[in-house]
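K.L.:
here are the coordinates; sequence isn't available:
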């Protein structure tokens, strides 16, 4: 049996970092969806799917801020997003 810690290897650290980044992305997506749900009620499935396709956390952060600040209409949020 091999006697080493996977986290001591470059590959192990890379896998760990990838999982960490994926967790941050998933969390940011979920926060945006929850904010939209809290502000506007039920979020349409197609909107959730669009949010889930965003693969950069840096793109989700301004959308989250916008969801917090925008008026009580979906139209304003969607139009400003584009």
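P.N.:
Nice, I can see it. None of the values given here were measured: they were computed from a predicted structure. Numbers count the residues shown, from 1 in each chain.
K.L.:
Geometric centre of this protein: which residue is closest?
P.N.:
Taking CA atoms, centre = their mean as the criterion, residue 29 is the residue nearest the geometric centre of the chain, at 2.3 Å.
K.L.:
Give me the mean pLDDT for the helix or strand containing residue 62.
P.N.:
Assigned by DSSP states H and E, residue 62 belongs to helix 57-69. In this model, helix 57-69 has an average pLDDT of 92.
K.L.:
ok, the closest residue to residue 25 other than its chain neighbours - how many residues close by?
P.N.:
Of all residues not flanking residue 25 in the chain, residue 57 sits nearest, at 5.4 Å (CB to CB, 6 or more residues apart in numbering). Any C-beta I mention is one placed from the backbone N, CA and C, and that applies to glycine too. In terms of burial, residue 57 registers 15 neighbours under the definition other CB atoms under 10 Å.
K.L.:
ok, so what distance separates residue 57 from residue 69?
P.N.:
In this view, residue 57 and residue 69 are 19 Å apart by CB to CB, to the nearest Å.
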